[in-house]
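Asks: when you get a sec, could you give me coordinates for this:
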Amino acid sequence: MAKPHMDGFTRKQALGYRLRVNHLAGERLPAGSLVAAASSGLQDGSPRSALLSLAARVDGVGPDDWRASGLAQVFGPRGAIYVVPKTDVGVFTRGLLPRDPDRLAKLEADARKVHAVLGGGPMRQSDVVTAVPELGESARQLRRAATLGTLIPVWDTVDTIVHPVAPPTVDPEAARLELARRFFRFYGPATVKDLQWWLDGLLGDAAATVTALGDELAKVIAAGQEHLVTAETLPYLTGTTDPDEVLLLPPDDVYINRLAGRLLVPDPVRFKMLWPQAPPPGALVIGGEVRGTWRRRGGAVVVTQWDEVSPSHRNRAETIAADWPLRPEERAAVSWVDVE
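Replies: Residues are numbered from 1 along each chain as shown. Modelled structure (predicted):
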């Protein structure tokens with residue numbers, strides 16, 4: 001059982017925790033620290049989100065570092081494509097497997113059908129779905145079958161290619177526990193239901209995993225609700241945020257993941273601006289607070305500021321965008337607009 005530790009923590013403490021454990025506070029990691037930066041799993045998507053998440057954490061990131069030798073892409077939590085350490089492919093795939101034998105057997109049957117179509121070679125995701133009609137018209141069931149760890153994607157912003165690989169050697173139960181450790185470290189403070197949502201599985205599975213972790217987790221209380229973090233990261237809850245720290249984070253970065261919810265954006269109107277029904281925007285973060293959103297429009301990065309942003313903070317955000325490790329033809333100037 002998780003150890004009770006703190007009677008309460010402030011919202012600022014929680015935001016400071018999330019910044020520090022995710023290498024987003026103070027100096028960035030030294031050049032080459034790509035594996036450390038990706039230990040949380042970095043969700044990928046337009047405009048090459050995982051690459052921009054790496055650049056927010058590590059010095060000297062280049063345009064092709066999303067596919068550096070120590071990294072790999074996987075169909076990870078909720079079927080999204082993640083960039084993860086290559087040594088952790090088994091954790092971010094098999095850690096998602098259900099414990100129910102019937103559900104597991106269905107995934108194994110689907111994976112066998114996909115491998116039969118692949119014939120040992122790569123194939124476009126859309127072609128796989130067409131060739132295996134039992135998977136349905138979307139790629140959702142294909143991506144579920146990939147949790148066995150034998151189907152790996154390569155997404156290059158144009159297409160998703162599915163590659164067959166040898167099964168990971170990690171035991172599924174060990175993978176479940178390690179993936180939950182990563183979750184409560186990097187996404188915490190969080191709840192068991194948060195873990196269930198992220199894993200896209202059953203609440204019973206999430207609860208069983210938390211029970212198995214025992215006192216590796218610590219309970220913290222906020223607004224009368226129990227949250228969990230990894231016990232080893234409790235010291236990160238005691239710090240503060242730097243009011244002048246400016247971040248321009250891509251859509252679905254760990255820090256601005258929907259799971260942060262009202263803790264990150266208490267205002268319900270602004271909450272919907274950061275997490276709309278449409279594909280989410282990136283976020284302008286100053287001192288740990290979301291101060292606006294950004295999207296690419298035509299030849300510009302358009303930042304919608306929620307409040308007036310000081311000239312020095314604007315300059316810092318524009319410098320970050322100018323330094324993004326995108327190819328020259330993808331780089332864009334920053335323009336600023338107010339909330340309509």
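Asks: please count neighbours and contacts with C-alpha atoms only from this point.
Replies: Fine.
Asks: where does the stretch 101-250 of the chain dip in pLDDT?
Replies: For the stretch 101-250 of the chain, the stretches flagged by pLDDT under 70 are 223.
Asks: any idea where the strands of it begin and end?
Replies: Per DSSP state E, counting those that start in this stretch, the stretch 101-250 of the chain carries strands over the ranges 123-124, 151-155, 160-164, 217-222, 225-230, 246-249.
Asks: who's in contact with stretch 158-176?
Replies: The contact list for stretch 158-176 (Cα atoms under 8 Å, 6 or more residues apart in numbering) reads 89-92, 94-97, 115, 118, 120-125, 148-155, 209.
Asks: now these: which count as buried?
Replies: Buried residues within the contacts of stretch 158-176, counting neighbours by 16 or more other Cα atoms under 10 Å: 89-92, 94-97, 115, 118, 122-125, 148-155, 209.
Asks: what separates the nearest residue to Leu228 once chain neighbours are set aside from Gln225, distance-wise?
Replies: When the adjacent residues along the chain are set aside, Leu228 lies closest to Lys219, with 4.8 Å between them (Cα to Cα, 6 or more residues apart in numbering). Separation of Lys219 from Gln225 (Cα to Cα, to the nearest Å): 10 Å.
Asks: which of these two has more neighbours?
Replies: With other Cα atoms under 10 Å as the criterion, Lys219 and Gln225 differ in neighbour count, and Lys219 comes out ahead with 24 against 10.
Asks: quick one, which of the strands of the stretch 101-250 of the chain is nearest to Arg331?
Replies: Taking Cα to Cα, strand 246-249 is the member of the strands of the stretch 101-250 of the chain nearest to Arg331, at 14.3 Å.
Asks: direction included, what does the closest one pair up with?
Replies: Next to strand 246-249 in the sheet, as set by DSSP bridges, lie strand 282-286 (antiparallel).
Asks: how far away from the center of its chain is the strand it pairs with?
Replies: 16 Å (Cα atoms, centre = their mean, to the nearest Å).
Asks: show residues contacting it.
Replies: Taking Cα under 8 Å, 6+ apart as the rule, strand 282-286 contacts 243-252, 256, 274, 290-295, 303, 313, 317.
Asks: name the next helix or strand following that strand along the chain.
Replies: Using DSSP states H and E, the helix or strand that follows strand 282-286 in sequence is strand 289-297.
Asks: mean confidence for the helix or strand just after that next one?
Replies: Following strand 289-297 in sequence order, the next helix or strand is strand 300-305 (DSSP H and E). Average pLDDT, strand 300-305: 95.
Asks: ok, stretch 52-69 next?
Replies: Taken as a whole, stretch 52-69 has a mean pLDDT of 96.
Asks: any buried residues in that stretch, and which?
Replies: For stretch 52-69, using 16+ other Cα under 10 Å, the buried residues are 52-62, 65-67.
Asks: same deal with stretch 166-184?
Replies: 168, 170, 172-173, 175-184.
Asks: and the longest helix seen in the chain with strand 151-155, angle?
Replies: Using DSSP state H, we find that the single longest helix of the chain is helix 101-118. Counting by axes from the mean of the first three to the mean of the last three Cα atoms, to 10 degrees, helix 101-118 points 60 degrees away from the direction of strand 151-155.
Asks: can I get helix 101-118 in CSV? Just the C-alpha atoms.
Replies: The C-alpha trace of helix 101-118 is given here as CSV (Å, rounded to 0.1, in the frame of the first residue of the first chain):
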residue,chain,number,x,y,z
PRO,A,101,-6.6,-13.8,-20.6
ASP,A,102,-9.5,-13.5,-23.0
ARG,A,103,-8.6,-9.9,-23.9
LEU,A,104,-5.0,-10.9,-24.2
ALA,A,105,-5.9,-13.8,-26.5
LYS,A,106,-7.8,-11.4,-28.8
LEU,A,107,-4.7,-9.2,-29.1
GLU,A,108,-2.5,-12.1,-29.8
ALA,A,109,-4.9,-13.4,-32.5
ASP,A,110,-5.0,-9.9,-34.1
ALA,A,111,-1.2,-9.7,-34.0
ARG,A,112,-0.8,-13.0,-35.8
LYS,A,113,-3.1,-11.8,-38.6
VAL,A,114,-1.0,-8.6,-39.0
HIS,A,115,2.2,-10.5,-39.1
ALA,A,116,0.8,-12.9,-41.7
VAL,A,117,0.1,-9.9,-43.9
LEU,A,118,3.5,-8.2,-43.3
